[in-house]
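Q: Predicted model, plus sequence, below.
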Amino acid sequence: MSTSVTAGRFASNLGQFIKFGLVGGSGTVVNAVMFVVAKKFFEAVWGIHYYDSLLAIPFTDFNVRWYNIFAFIAFFVANVWNYQLNRKWTFSSVDKVSWWRGFFPFLLTGIGAYVVSQVVMIALVNPTSPISLSSEIFDDSSGLRNKSYWANIISIIVAMPINFIINKLWTFRSTPKAPRVVEESHPA
């Protein structure tokens, strides 16, 4: 493979990564806004605090907490947002399948990244975790000091590279082109 082809491929991949990052940045904003909206809605309507337990996980000491639900709602809305932007802009040069057929691999990839982000988020919010966000700084006294908001944003940033790589290799992979056949000319 020639150096110019390798450099061109690198530049193309870098360009896609930058676009994916910009889309991801906008998706992070969508995610953060939806997380706040879900949290505020559940607090106002049902008086639910983000750290309240929703469901005990059988045979463990773990619980599904409301912030996990808020994060899932935010993830799903942001996932649709990101898919549409990536489809139209980041990977616009890739031959595409139908919207729904492309969305499901993107959603599955997103769920994989979401699982990673949930592990990070739980570790950041759980007061017994060694990487828990400081309760002295993040005392929930205001939006900018809300532990769940920051844990949500940090967890998205941590999961983004995984999301990009899997989407690049699976969801938005190029379809192989048929090999070009060159006919040889024979002198008569």
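A: Received, thanks. Keep in mind the model is a prediction, meaning the values are calculated, not measured.
Q: where exactly do the helices run in the protein?
A: Assignment of helices within the chain using DSSP state H yields the ranges 3-46, 66-85, 99-125, 147-166.
Q: nearest to Arg173, of the ones you listed?
A: When those are ranked by proximity to Arg173, the top entry is helix 99-125, at 9.4 Å, counting by CB to CB. Where you see a C-beta, it was placed from the backbone N, CA and C, and this is true even at glycine.
Q: which regions of this protein sit below the pLDDT cut-off?
A: For the chain, the stretches flagged by pLDDT under 70 are 1-5, 94-96, 174-188.
Q: so how far is Ala11 from Ile73?
A: According to CB to CB, to the nearest Å, Ile73 and Ala11 sit 38 Å apart.
Q: before we move on, back to that, quick one, which of the helices of the chain is nearest to Phe138?
A: Comparison of the helices of the chain against Phe138 by CB to CB identifies helix 147-166 as nearest, at 3.9 Å.
Q: Quick one: list the elements packing against that closest one.
A: Helix 147-166 sits against helix 3-46, helix 66-85, helix 99-125, with contacts defined as 3 or more CB pairs under 8 Å, 6 or more residues apart in numbering; DSSP states H and E.
Q: is it possible to export these to TSV including distance to Phe59 and mean neighbour count?
A: As requested, the helices and strands packed on helix 147-166 are exported to TSV (distance: least, CB to CB, whole Å; neighbours: other CB atoms under 10 Å):
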stretch	distance to Phe59	mean neighbour count
helix 3-46	27	15
helix 66-85	18	20
helix 99-125	18	17
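Q: just to revisit the earlier point, among the helices of the chain, which comes closest to Ser93?
A: Shortest separation from Ser93 across the helices of the chain is recorded for helix 3-46, at 8.6 Å, computed as CB to CB.
Q: And stretch 47-64, end to end?
A: Across its full length, stretch 47-64 reaches 17 Å between end residues, using CA to CA, to the nearest Å.
Q: Show me what that stretch is in contact with.
A: 39, 42-43, 65-70, 125, 148 (CB atoms under 8 Å, 6 or more residues apart in numbering).
Q: go again using 7 Å as the cut-off
A: Counting by CB atoms under 7 Å, 6 or more residues apart in numbering, the neighbours of stretch 47-64 from elsewhere in the structure are 39, 42, 65-67, 69-70, 148.
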